[in-house]
Each structure stands twice: as structure tokens, then as C-alpha cells.
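Novice: Based on what follows, work out the 3D shape:
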Amino acid sequence: MSDERIVLIARLKVREDAVEEAKKLAMGIVADSRTEEGCVNYDVHQAIDDPTVFVWHETWKDKAALDNHFELPYFKEFFAEAGKLAAEEPQITLTRMISEK
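Specialist: Residues are numbered from 1 along each chain as shown. Below is the predicted model:
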């Protein structure tokens, strides 16, 4: 169904010399992302045991809202810049909740 919430889990491992730059870059789009009409939540995490690993947990009202997010200029700029800091290819998984609330 088209009105189903989409949860995105993304993982980005950056170079050791790029941790602070990556953190600043990631934090730089949180406020804008949270104000998007289709954003339910947008959280960025950093791994406790490996500070080079960043994880995004995002919930979007539907796939169309997420697709719109991906097309915004600030997100495209973020993704291009983050790619330059990456030690591995980013992993992005789109999910839908299957357990009951």
C-alpha cells in the first residue's frame, strides 16, 4: 500500500581521518530533513565501538516522501560529499515494520 511508512537504515563507514568531517556533514542536514513534510523521524547515530561507523534511522510517511528527500539539493550534496569520506560503500536498507505495535 502506498501510505505505508518506510523505515530507512543506512550505514556509512568513513576513513579514520574523516570522522569529525563526516560527523559535521551528517549533523548539517538533520534539521532540514526533520522539517520535510514526509519525515516522521530522522536520527543519526555513531557506533560506540567504532567511531568511523555512522548509522541513520529514518522513518518516512511513505516511499514518495523518501524519494522526494533523495532528490533535494542539500541531500544530493551531502551524499556526494559523504562518498568522498567513505572507507566502504554505504549500505542503505529500506524496511517496513512487520511486528505489531
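
Novice: Name the nearest residue to E88, sequence neighbours excluded.
Specialist: Of all residues beyond its chain neighbours, the one nearest E88 is K13 (4.6 Å), with distances taken as Cβ to Cβ, 6 or more residues apart in numbering. Quick note: C-beta positions are derived from backbone N, CA and C, even for glycine.

Novice: Mind giving me the packing neighbours of the one helix or strand that neighbour maps to?
Specialist: For K13, the host element (DSSP states H and E) is strand 6-13. Helices and strands touching strand 6-13, by 3 or more Cβ pairs under 8 Å, 6 or more residues apart in numbering; DSSP states H and E, are strand 53-60, helix 63-71, strand 91-95.

Novice: Report the buried residues of the second one.
Specialist: Buried residues in helix 63-71, counted by 16 or more other Cβ atoms under 10 Å: 63, 65-66, 68-69.

Novice: Give the buried residues for the longest helix along the chain.
Specialist: Counting residues, the longest helix found in the chain (DSSP state H) is helix 73-85. Neighbour counts over helix 73-85 (16+ other Cβ under 10 Å) mark 75, 78, 82, 85 as buried.

Novice: about what we covered before: and the buried residues of helix 63-71 as JSON lines, adding pLDDT and distance to A22?
Specialist: Output for the buried residues of helix 63-71, formatted as JSON lines (pLDDT from 0 to 100; distance: Cβ to Cβ, whole Å):
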{"residue": "K63", "pLDDT": "95", "distance to A22": "27"}
{"residue": "A65", "pLDDT": "97", "distance to A22": "25"}
{"residue": "L66", "pLDDT": "97", "distance to A22": "22"}
{"residue": "N68", "pLDDT": "97", "distance to A22": "24"}
{"residue": "H69", "pLDDT": "98", "distance to A22": "19"}
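
Novice: ok, of the residues you listed, which one's closest to P51?
Specialist: H69 (25.9 Å; Cβ to Cβ).
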